[in-house]
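>>> Provided below for reference: sequence and predicted model.
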Amino acid sequence: MLDLVIIGAGPAGLAACLYASRAGLEVLVLDQGAPGGKLNVSAQIENYPGQECVAGPQLAYQMYEQALSFGGKQTYGIVEKVIDYGSYKEVKCHDETYQTKYVLIASGTKERKMNLEHEEELTGRGISYCAVCDGPFFKDEEVAVIGGGNSALEESLYLATICKQVHLIVRRDVFRADQIIVDRVLKDDKIKVHLKHSPFQILQENKKVAGLVIQNNETLEKEQLKVTGIFPFIGLDPITDFVDDLKITNEQGYIPTDEHMETKVKGIFAAGDVREKTLRQVVTAVNDGAIAGQYISNLKKEGNEDE
Ligand code: NDP
């Protein structure tokens, strides 16, 4: 029986691991990808206190090393179900089941799809949800970025350092991103902003992206962009399907918690982007993880004293 199973090795999960394992708990962190979560797909982070400007993967590695330095373990696992047995929980993966006193859900979010024809089959063939990973494939080419939030604008700035031209497609005439990022985008000669436009049709040639038709949302006029890469950043959805049975999510699928990060099921916690909250940032994810890790450690200590 483990003390704590953490689902997700992003900043929230790793911070929780650091706090709980440092307090002596037996902790296992599960993830279906590389530790670090969305840090791994962030080119630069300049709003994490103490780090003026740091590459996402570098911060991910530092967090990972530190989190596991107090005895916590991390392994690969795709969680299919979390079962609540009251005094203990079961975390069921495809080929393994873990029993644990406490569970922390730090599974984060996944990118929303555009729902256009050919989007699925052209993913990896011109459509990418990670500029840091795939940007270099489009060196000196034209690409389109979809969205008007922080992700779309930050990734546009990054792609502009590699590509010949970046077309930024924003569906309204206002951005959702921080003003400092908006200002940088508007000043960048390589980024052409198409306000009030939406992606309409993906063009393909030899099973690769060969263009994008965009539509003016007011006039319905269409324009063809000769892009070879399309990077949609149109928002995120929480990864919580594996806790459907527990009925702990809100209408959007996010998980509400109390101030200790505990969900309405005793002993099951949530932290990071998957939690219902207003500001989703690395710094708020580690905040959640630290609070949960510390609180669970205190519960464990009190439990032991009661025994
Ligand atoms: P957001 O939800 O903030 O923005 C999504 C953008 O995509 C909006 O401009 C939205 O338009 C647009 N959009 C949504 N659906 C469609 C569609 N079907 N077609 C075209 N456009 C569409 O998502 P992000 O991924 O940018 O950010 C998620 C969270 O992470 C936010 O809280 C953000 O602040 C945070 N973040 C912070 C960073 C930082 O601080 N450095 C970096 C990256 C993310 P509309 O505005 O009209 O809804």
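Cool, the structure landed.
>>> Every contact and neighbour count from this point should use C-alpha atoms.
Fine.
>>> Now do the nearest residue to Leu68 once chain neighbours are set aside, the pLDDT please.
Nearest non-adjacent residue to Leu68, counting by Cα to Cα, 6 or more residues apart in numbering: Leu18, 6.8 Å away. What the model reports as pLDDT for Leu18 is 98.
>>> could we number from 7 for the rest of this?
In the new numbering, first residue 7, that becomes Leu24.
>>> which other residues reach whichever strand or helix holds Leu24?
For Leu24, the host element (DSSP states H and E) is helix 17-28. Under the contact criterion Cα atoms under 8 Å, 6 or more residues apart in numbering, helix 17-28 has outside partners 12-13, 32-35, 42-43, 45, 66, 69-70, 72-78, 110-112, 277-278, 288, 291-300, 302-303.
>>> quick one: which of the residues you listed sit in strands?
Under the assignment DSSP state E, the contacts of helix 17-28 contribute Ile12, Ile13, Val33, Leu34, Val35, Leu110, Ile111 to strands.
>>> What is the most widely separated pair among those?
Within these, two members stand farthest from each other by Cα to Cα: Val33 and Ile111, at 13.2 Å.
>>> Mutual contacts of those two, please.
Jointly contacting Val33 and Ile111 under the rule Cα under 8 Å, 6+ apart are Ile12.
>>> from the middle of its chain, how far away would the longest helix seen in the chain be?
Secondary structure of the chain per DSSP state H: the longest helix is helix 288-312. Its chain's average C-alpha position is 22 Å from that of helix 288-312, according to Cα atoms, centre = their mean, to the nearest Å.
>>> same question, stretch 265-278
Relative to the chain's own centre, stretch 265-278 is displaced by 19 Å; criterion: Cα atoms, centre = their mean.
>>> Tell me which residues are up against it.
Contacts of stretch 265-278 (Cα under 8 Å, 6+ apart): 17-19, 90, 92-94, 107-114, 252, 254, 261-263, 286, 290-292, 294-295, 297-298, 301.
>>> Go through that stretch and flag the buried ones.
Neighbour counts over stretch 265-278 (16 or more other Cα atoms under 10 Å) mark His266, Met267, Glu268, Thr269, Lys270, Gly273, Ile274, Phe275, Ala276, Ala277, Gly278 as buried.
>>> From the residues you listed, pick the one nearest the ligand.
Of all the buried residues of stretch 265-278, Gly278 has the smallest distance to the ligand: 11.0 Å, by Cα to the nearest ligand atom.
>>> quick one on the thing from earlier: okay, the helix holding Leu24 in CSV with CA atoms only?
The C-alpha trace of helix 17-28 is given here as CSV (Å, rounded to 0.1, in the frame of the first residue of the first chain):
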residue,chain,number,x,y,z
PRO,A,17,4.7,21.0,-12.2
ALA,A,18,1.7,20.3,-9.9
GLY,A,19,2.4,16.6,-9.6
LEU,A,20,6.2,17.1,-9.2
ALA,A,21,5.7,19.8,-6.5
ALA,A,22,3.4,17.5,-4.6
CYS,A,23,5.9,14.7,-4.9
LEU,A,24,8.6,17.0,-3.5
TYR,A,25,6.6,18.0,-0.5
ALA,A,26,5.1,14.6,0.3
SER,A,27,8.3,12.5,-0.2
ARG,A,28,10.4,15.0,1.7
